[in-house]
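Asks: pasting the sequence and the predicted model now:
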Amino acid sequence: MKTGLAAIVIGAVALAVLGLVLVLLPGPTASFGWFAYQPVGDFGFVGGAPFVPASRLWGLGILAIAAVIGAFATGWVLGKGRGRRESEPRSVVDRAPDE
């Protein structure tokens with residue numbers, strides 16, 4: 001493994017670890033809340049998209065980037081193993097005999 005490829009792999013692993021840490025961090029806790037009275041009596045809460053902390057979104061994005069870099073490095077390694085094969089020159093063209 002050459003230095004450039006090793007740096008790419010190390011960078012991808014570091015990004016994956018950082019993304020995993022950000023995804024697994026607990027979300028922030030609410031520092032306020034309505035518990036004694038109902039502030040708006042004529043409003044019914046309709047649940048929308050669940051709250052997702054910004055750290056989790058960043059972590060998922062970084063994990064996706066690490067996966068793309070890892071796929072690139074894997075393709076690079078697999079592609080380098082396949083060199084151009086020199087075929088033997090053929091004087092006769094292979095084709096079916098005329099009937």
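Replies: Sure thing, it's come through.

Asks: what helices or strands is the longest helix seen in the chain leaning on?
Replies: Once the chain is assigned using DSSP state H, the helix that runs over the most residues is helix 54-81. Helices and strands touching helix 54-81, by 3 or more CB pairs under 8 Å, 6 or more residues apart in numbering; DSSP states H and E, are helix 3-24. Yep, even glycine has a C-beta here, placed from its N, CA and C like the rest.

Asks: report the buried residues of the helix it packs on.
Replies: Burial within helix 3-24, assessed by neighbour count using 16 or more other CB atoms under 10 Å, is assigned to 8-9, 12, 15-16, 19, 22-23.

Asks: same check, this time on stretch 51-58
Replies: Buried-residue list, stretch 51-58, by 16+ other CB under 10 Å: 55-56.

Asks: please work out the average pLDDT along that stretch.
Replies: In this model, stretch 51-58 has a mean pLDDT of 86.

Asks: hmm, who's touching that stretch?
Replies: Stretch 51-58 is contacted from outside by 19, 22-23, 25, 27-28, using CB atoms under 8 Å, 6 or more residues apart in numbering.

Asks: re the thing from before, orientation of the longest helix of the chain relative to helix 3-24 in degrees?
Replies: With axes from the mean of the first three to the mean of the last three CA atoms, to 10 degrees as the basis, helix 54-81 and helix 3-24 are set at 150 degrees to each other.
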